[in-house]
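**Q** Quick one: sequence plus predicted model below, questions after.
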Amino acid sequence: EDKVLQGFMKKLYPKYIEKFILTTSWAINIASCIWKIKKENIISLCWRFGSEQKNNELFLDAVLHNSEDLLNWWKVFLIWSYTDDFLKKLDDLIDRKPWLKDTIVRVWFLEKKEKLYNLLSRTKIFLHTANFEWDPNIQYDAMFCGCYMISTDVANIKQNYPKKYSLFYKVRDELWLYNSLKQWIKINNKLKEKDYINIQKYCLKNFTWQKSLKELTDKLWSFQ
């Protein structure tokens, strides 16, 4: 799934250099969501809130310890499941900054991909705050739905997401996250609908299952 690991394995086992095939995950291609991108001032985070791996608490800390004014006129959607500890921390943030109660929305688990994609198609910025990852599926979902990505520099997100529409920061760097988010919110007004469509086009060109598995399927077909 990772170009760096693929290169490492080829050097380690040069005799089998042709055996290492690069495959990535991909977005689910839902035809009804293609070109149906109507963006609103929404920032989304997704999956397992309270997990050390995902570290979504980093966003809460960034807002708690800095001015929350950057979120004026924005909504923040928290999509998927939450631990009790995470909810306690979120409640503490809202107790200290009560107006955020209407800004941060607990979406909970979305079972159907269409519902997730409909929400992400309205999202302008997708935050990915993980401490460690391995080819997270959500990056392809966000890409398919035309989201600008702000992410920790983990896994292979940086090598796969279009550079023009992504920003990366250090793991556990709360201030960098805050400044990156603030920076992009200011830039946001310069983006046009075609920019978000371009992100989706990039995904369709590079990260459908037909593209991601092409080298493998070509080899399989050669045995027919």
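**A** Arrived safely, thanks for sending. Values in this document were obtained by computation on a predicted structure and should not be read as measured data.

**Q** okay, CA-based contacts and neighbour counts for the rest of this
**A** Fine.

**Q** what sits against the closest residue to Arg48 other than its chain neighbours?
**A** Excluding the flanking residues, the one nearest Arg48 by C-alpha to C-alpha, 6 or more residues apart in numbering is Ser81, at 5.1 Å. Applying C-alpha atoms under 8 Å, 6 or more residues apart in numbering to Ser81 gives the contacts Trp47, Arg48, Phe49, Trp108, Phe109.

**Q** I'd like the distance between Ser81 and Asp69.
**A** As judged by C-alpha to C-alpha, to the nearest Å, Ser81 and Asp69 stand 27 Å apart.

**Q** Shouldn't Arg122 be within a helix?
**A** No - when classified by DSSP: H, G, I helix; E, B strand; the rest coil, Arg122 is found to be coil rather than part of a helix.

**Q** got any ranges where the chain has weak pLDDT?
**A** For the chain, the stretches flagged by pLDDT under 70 are 224.

**Q** quick one, helices of it?
**A** Assigned by DSSP state H, the chain shows helices spanning 3-12, 57-64, 84-96, 113-120, 137-144, 157-160, 174-187, 193-206, 209-212, 214-222.

**Q** Packing partners of the first one?
**A** Here helix 3-12 is seen to pack against no other helix or strand when contacts are counted using 3 or more C-alpha pairs under 8 Å, 6 or more residues apart in numbering; DSSP states H and E.

**Q** before we move on, back to that, drop anything exposed from the contacts of Ser81.
**A** Those of the contacts of Ser81 that meet the buried threshold are Trp47, Arg48, Phe49, Trp108, by 16 or more other C-alpha atoms under 10 Å.

**Q** Could you dump those residues into a markdown table with distance to Ile199 added?
**A** Formatted as a markdown table, those follow (distance: C-alpha to C-alpha, whole Å):
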| residue | distance to Ile199 |
| --- | --- |
| Trp47 | 22 |
| Arg48 | 25 |
| Phe49 | 26 |
| Trp108 | 26 |
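
**Q** Apart from its neighbours in sequence, what residue is nearest Lys3?
**A** Sequence neighbours aside, Leu22 is the residue nearest to Lys3 in space, at 7.0 Å (criterion: C-alpha to C-alpha, 6+ apart).

**Q** Spit out the contact partners of the one you found.
**A** Glu1, Asp2, Lys3, Gln6, Ser212.

**Q** Apply the buried test to these and list what passes.
**A** Among these, those classed as buried by 16+ other C-alpha under 10 Å are Asp2, Gln6, Ser212.

**Q** from the contacts of Ser81, which ones fall inside strands?
**A** Of the positions in these, Trp108 sit in strands, assigned by DSSP state E.

**Q** and the contacts of Ser81, which two are the farthest apart?
**A** Phe49 and Phe109 (11.0 Å; C-alpha to C-alpha).

**Q** if we can go back for a sec, closest to Leu191 among the buried ones among the contacts of Ser81?
**A** Nearest to Leu191 among the buried ones among the contacts of Ser81 is Trp47, at 26.8 Å by C-alpha to C-alpha.

**Q** Look up how far Lys15 lies from the residue nearest to that closest one when sequence neighbours are not counted.
**A** Closest residue to Trp47 apart from its sequence neighbours, by C-alpha to C-alpha, 6+ apart: Trp80 at 4.8 Å. Relative to Lys15, Trp80 is positioned 44 Å away (C-alpha to C-alpha).
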